[in-house]
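Q: any chance you could fold what I've pasted below:
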Amino acid sequence: MFRQQETNPHFLPLRNDPILEFPSQSRHPQHEPPPRRSTRTREQTPHSPSSPHHPTKQGVRPTYLVEPPPQRSHHTSTTPAGLSPADHSIPQATPPPQHVAAAAPQTQYTTQTSRRSRRPSLLQGPTSQKTRPLAWLIAAFCALFWIIVIVGGLIILIVYLLFRPRNPKFDISAVTFNAAYLDMGYLLNADVTLLANFSNPNTKVNVDFSYVILDLYYEKNFIATRYVEPFSLMRSETEFANVHFMVSQVRLSMGHIMELKRQMDSGRVNFEVKGLFRTRSKLGGFLQYSYWLYAHCQITVTGPPTGILLDKKCVTKR
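A: I've put the predicted structure just below:
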């Protein structure tokens, strides 16, 4: 509807009197959505307009009906209602300082979390690394060494099972105690002859004796030594050697001198014979190995000048 312009000057309103107008339904269409409400509101900047729907005219005061600005939540856009985002003439509302202050602890917590995540964990699996050439060389050397050890052990086992090598044996077959006397009461002079027996118990192995030496002892005192020429023993062969001990001017203690006199009077004199042998066994015609043998014999003979062997006990070992 259109208003009819008043022509009577008495009824014209004064310039300073406000004009009351009631909003019609056309000023608020039905399809306009109600403003959003939330618990958090933003403060209006002093530069935002009071009401975009009621523009002021020159010479006419605005009406008293003022719509409240729409309340915006924290996640809504900061563009005022009725303006497009492309309108840059109106400044955007800045976030309150409390949000900036609240974001600082979160950033600090995120930084600490990222630092903790970069720390190495004990449960983390080993990282793959390229193997060095030196490690490959050491592994190849160890593998070759163990192959040689295993092959050598198999060869030794086969040879042992095939030839069944045994150590040669040393024994004393006969003893002659020809003479014994004391010079100046404490120097021993004696004549003892041994018939040594060297035997090879192997049926498939030959044995060579390259170094043979025999020592004679009385009550743990060394009194004489003899060297035997090298010889060889074939399979299951026995070799005898006549060993003559000449004891000359050997000093004994008074206790040992008294013990020797007592044994000669009783007809049972005890001696010890120790032997050291360097032997070499030949397994067939392609394999041989050398080793040392140690012999120890305890013999008992009668008194001189016709002393003979009464008892013996011999042990031969490596």
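Q: check what pLDDT Glu32 gets.
A: According to the prediction, Glu32 has pLDDT 52.
Q: how about the nearest residue to Tyr217 once chain neighbours are set aside, what does it touch?
A: Excluding the flanking residues, the one nearest Tyr217 by CB to CB, 6 or more residues apart in numbering is Glu272, at 4.0 Å. Heads up, the C-betas are built off the backbone N, CA and C, glycines and all. For Glu272, the contact set (CB atoms under 8 Å, 6 or more residues apart in numbering) comprises 216-218, 220, 296-299.
Q: next step: the residues you listed restricted to strands.
A: 216-218, 296-299 (DSSP state E).
Q: what is the most widely separated pair among those residues?
A: Using CB to CB, the ones in strands among the contacts of Glu272 span at most 14.8 Å, a distance reached by Tyr218 and His296.
Q: mean confidence (pLDDT) on the helix or strand encompassing Gly275, please.
A: Applying DSSP states H and E as the criterion places Gly275 in strand 269-283. Taken as a whole, strand 269-283 carries a mean pLDDT of 94.
Q: out of the ones in strands among the contacts of Glu272, which comes closest to Thr193?
A: Proximity of the ones in strands among the contacts of Glu272 to Thr193 was ranked by CB to CB; the top entry is Leu216 with 10.8 Å.
Q: surely that closest one meets Thr225?
A: Yes. Shown here, Leu216 and Thr225 form a contact pair, counting by CB atoms under 8 Å, at 7.1 Å.
Q: just give the closest residue to Glu239, not the sequence neighbours.
A: Of all residues not flanking Glu239 in the chain, Phe198 sits nearest, at 4.5 Å (CB to CB, 6+ apart).
Q: so in that sheet, which strands flank the helix or strand harbouring that neighbour, and in what orientation?
A: If you go by DSSP H and E, Phe198 is part of strand 187-199. Sheet pairing of strand 187-199 (DSSP bridges) gives strand 169-183 (antiparallel), strand 238-251 (antiparallel).
Q: pipe these into a markdown table and attach distance to Glu229 per row.
A: Below are the strands paired with strand 187-199 laid out as a markdown table (distance: least, CB to CB, whole Å):
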| stretch | distance to Glu229 |
| --- | --- |
| strand 169-183 | 16 |
| strand 238-251 | 8 |
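Q: Val212: which of those is closest?
A: Of all these, strand 238-251 sits nearest to Val212, with 7.8 Å by CB to CB.
Q: what sits opposite Val192 in the beta ladder?
A: Taking DSSP bridges as the rule, Val192 bridges to Phe177, Phe245.
Q: count the residues that sit near the nearest residue to Ser290 once chain neighbours are set aside.
A: In space, and not counting its chain neighbours, Ser290 is closest to Arg280: 4.4 Å by CB to CB, 6+ apart. Residues near Arg280, counting by other CB atoms under 10 Å, number 14.
Q: these two touch, right, Arg280 and Asp208?
A: Yes. If you go by CB under 8 Å, Arg280 and Asp208 touch, sitting 4.6 Å apart.
Q: re the thing from before, thought the residue nearest to Glu239 was touching Phe209?
A: Yes. With contacts counted by CB under 8 Å, Phe198 reaches Phe209, the gap being 6.7 Å.
Q: so these two - more neighbours on which side?
A: Ranked by neighbour count (other CB under 10 Å), Phe198 and Phe209 place Phe198 first, with 25 against 22.
Q: for the strand or helix carrying Ile150, which residues meet the burial criterion?
A: Following DSSP H and E, one finds Ile150 within helix 133-163. For helix 133-163, the neighbour count (16 or more other CB atoms under 10 Å) marks Phe163 as buried.
Q: what does stretch 265-280 give?
A: The neighbour-count check on stretch 265-280 (16+ other CB under 10 Å) flags 269-273, 275, 277, 279 as buried.
Q: the spatially closest residue to Pro165 that is not a sequence neighbour: neighbour count?
A: Nearest non-adjacent residue to Pro165, counting by CB to CB, 6+ apart: Val205, 5.0 Å away. Counted with other CB under 10 Å, the neighbours of Val205 add up to 22.
Q: with the one 5 residues further on instead?
A: Other residues within reach of Ser210, judged by other CB under 10 Å, total 12.
Q: show me what the stretch of helix or strand it belongs to pairs with in its sheet, parallel or antiparallel.
A: Counting by DSSP H and E, the element that carries Ser210 is strand 205-218. Strand 205-218 has the following strand partners under DSSP bridges: strand 221-228 (antiparallel), strand 231-233 (antiparallel), strand 269-283 (antiparallel).
Q: between helix 133-163 and the longest one, find me the angle.
A: Following axes from the mean of the first three to the mean of the last three CA atoms, to 10 degrees, one obtains 110 degrees for the angle between strand 269-283 and helix 133-163.
Q: pull the CA atoms of strand 269-283 into CSV?
A: Extracted in CSV, the C-alpha atoms of strand 269-283 (Å, rounded to 0.1, in the frame of the first residue of the first chain):
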residue,chain,number,x,y,z
VAL,A,269,117.4,-104.5,47.0
ASN,A,270,115.0,-102.1,45.3
PHE,A,271,115.8,-100.1,42.2
GLU,A,272,113.8,-97.9,39.8
VAL,A,273,114.3,-97.7,36.0
LYS,A,274,112.9,-94.8,34.0
GLY,A,275,112.9,-94.6,30.2
LEU,A,276,112.3,-91.8,27.7
PHE,A,277,111.6,-92.9,24.0
ARG,A,278,110.9,-90.9,20.8
THR,A,279,108.9,-93.2,18.5
ARG,A,280,107.3,-92.9,15.1
SER,A,281,104.4,-95.1,13.9
LYS,A,282,104.0,-95.9,10.2
LEU,A,283,100.4,-96.5,9.1
